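Enquirer: just coords:
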C-alpha cells in the first residue's frame with residue numbers, strides 16, 4: 001500500500017507531462033528574460049499569463065490553478081528582492097546551446113509520453129509528421145529571408161535550419177493538441193467541430209509565442225530581417241500570424257482525419273502525404289491576413305514576392 005501511495009505523485013507527473021512542459025517553458029522564459037533588456041524582462045511577467053491561462057484551463061483544482069497564476073507575481077517579488085534564482089546557467093553557457101539542451105530534453109520526455117499514451121501511431125504523428133512539418137515551416141521562413149538562426153550546435157545537413165527549431169515545434173504541437181483533446185472530453189460538443197478544435201490549438205500556440213518570441217528575439221535566439229516592421233516588442237506581425245495558422249491548419253487536419261477515417265495507418269499516411277498541402281493552405285491564410293492588416297505593400301509580402309521571383 002505504501003509503495004502505491006509513493007507511486008501516485010510520479011503517475012500524476014507522467015499523466016500530465018505535456019501540460020507540465022508548457023508550465024515549465026513559461027516559467028523558464030520569465031527567468032531567461034532577466035538576461036534581456038529591462039522592458040522585455042518586465043513584460044515577460046505579464047505575457048507569461050497568456051500560456052498560463054491555458055494551463056489553468058486544463059487544471060481542475062482551483063488551488064493548483066491559483067498557484068499557477070501566482071507564479072509570475074512570486075517571481076516579480078523574487079526579482080525585486082534580488083533573490084537568487086536558477087537562471088545562472090545562462091551566464092555560463094551560450095543561450096543557443098542552453099535552449100538546445102532544454103528542447104532536446106523535453107522532446108525526449110514527450111516522446112516517451114506519446115509512446116506510452118498513444119503508441120507507435122502517436123509517435124508517427126507527433127514526432128515524424130509534425131517534425132517534418134516543423135522542418136518545412138522553419139526552412140521555408142529561412143529561405144524566404146524572413147529570419148536567420150545562427151549560433152546553434154546542430155543543423156540539418158545542407159540547410160541553415162537548426163535541429164532545435166524542429167524539436168521546438170514538437171514541444172508546441174503535442175502539448176497544445178493534448179490540451180484541446182482533454183477539453184474535448186469535458187465538452188463533447190467540440191468533437192463535432194474539428195475546425196474549431198484546430199482554431200483553439202492555434203490560439204493556445206499563439207499564446208505561447210506571445211510570451212516566447214519577444215524574449216527569444218531580444219536574446220537573439222533568432223534574428224528577424226531588418227526590413228520587417230516590428231509589431232510587438234521587435235517581433236513582426238508575420239510571426240504571430242504564421243504561428244496561429246501553422247498550428248491551426250495542421251491541428252484541424254488531424255481532428256478531421258480522426259473523425260472521418262477509422263484506420264490509424266491510413267489517416268497517418270494521409271496526414272504525412274498532405275504536409276505540402278497543409279503548409280500551402282496555412283501560408284495562404286497567413287499572407288492573406290498580413291495583407292488585410294498591413295496592406296499589399298507589407299514588408300513580409302514584398303519579401304515573399306522577391307523570393308518567388310528568384311525561384312521562378
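Expert: Arrived safely, thanks for sending. Since the model is a prediction, treat every value here as computed from it, not as a measurement. Numbers count the residues shown, from 1 in each chain.
Enquirer: Give me the nearest residue to the spatially most central residue of the chain, chain neighbours excluded.
Expert: For the chain, the residue nearest the mean C-alpha position is residue 172 (3.2 Å; Cα atoms, centre = their mean). Of all residues not flanking residue 172 in the chain, residue 205 sits nearest, at 5.5 Å (Cβ to Cβ, 6 or more residues apart in numbering). Where you see a C-beta, it was placed from the backbone N, CA and C, and this is true even at glycine.
Enquirer: Next, count neighbours for the one you found.
Expert: 26 (other Cβ atoms under 10 Å).
Enquirer: quick one: it from residue 175, how far?
Expert: Residue 205 is 9 Å from residue 175, where distance means Cβ to Cβ, to the nearest Å.
Enquirer: Next, count neighbours for residue 170.
Expert: Residue 170 has 22 nearby residues by other Cβ under 10 Å.
Enquirer: mind checking pLDDT for it?
Expert: With respect to pLDDT, residue 170 scores 95.
Enquirer: quick one: it and residue 131 touch, right?
Expert: Yes: counting by Cβ atoms under 8 Å, residue 170 touches residue 131, with 5.9 Å between them.
Enquirer: ok, for residue 203, nearest residue in space, not its chain neighbours?
Expert: Using Cβ to Cβ, 6+ apart, the closest residue to residue 203 is residue 244 (7.1 Å).
Enquirer: Next secondary structure after the helix or strand encompassing the one you found?
Expert: Take DSSP states H and E as the rule and residue 244 turns out to sit in helix 237-260. Scanning forward in sequence from helix 237-260 by DSSP H and E, the next helix or strand is helix 264-273.
Enquirer: Could you list the buried residues of that next one?
Expert: 264, 267-268, 271 (16 or more other Cβ atoms under 10 Å).
Enquirer: Summarise which helices and strands the helix or strand hosting the residue nearest to the centre of the chain is packed against.
Expert: According to DSSP H and E, residue 172 maps onto helix 163-186. Using 3 or more Cβ pairs under 8 Å, 6 or more residues apart in numbering; DSSP states H and E, the elements in contact with helix 163-186 are helix 17-32, helix 49-58, helix 95-123, helix 130-143, helix 194-218, helix 237-260.
Enquirer: what's the shortest one packed up against?
Expert: Contacts of helix 49-58 with other secondary structure elements, assessed using 3+ Cβ pairs under 8 Å, 6+ apart, are made with helix 17-32, helix 62-80, helix 163-186, helix 194-218.
Enquirer: Including distance to residue 258, could these go into CSV?
Expert: Below are the helices and strands packed on helix 49-58 laid out as CSV (distance: least, Cβ to Cβ, whole Å):
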stretch, distance to residue 258
helix 17-32, 17
helix 62-80, 29
helix 163-186, 9
helix 194-218, 8
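Enquirer: hey, least reliable of those by pLDDT?
Expert: Note on the helices and strands packed on helix 49-58: helix 62-80 shows the lowest mean pLDDT, a mean of 81.
Enquirer: Compute the inter-axis angle for that helix and helix 17-32.
Expert: Using axes from the mean of the first three to the mean of the last three Cα atoms, to 10 degrees, the inter-axis angle of helix 62-80 relative to helix 17-32 is 20 degrees.
Enquirer: Identify each buried residue in helix 62-80, please.
Expert: For helix 62-80, using 16+ other Cβ under 10 Å, the buried residues are 65, 68-69, 71-72, 75, 79.
Enquirer: Stretch 93-102 now?
Expert: Buried residues in stretch 93-102, counted by 16+ other Cβ under 10 Å: 95-96, 98-100, 102.
Enquirer: for that stretch, what is the average pLDDT?
Expert: 91.
Enquirer: still on that earlier bit, quick one, which of the helices and strands packed on helix 163-186 is nearest to residue 312?
Expert: Residue 312 sits nearest to helix 130-143 of all the helices and strands packed on helix 163-186, at 14.1 Å, using Cβ to Cβ.
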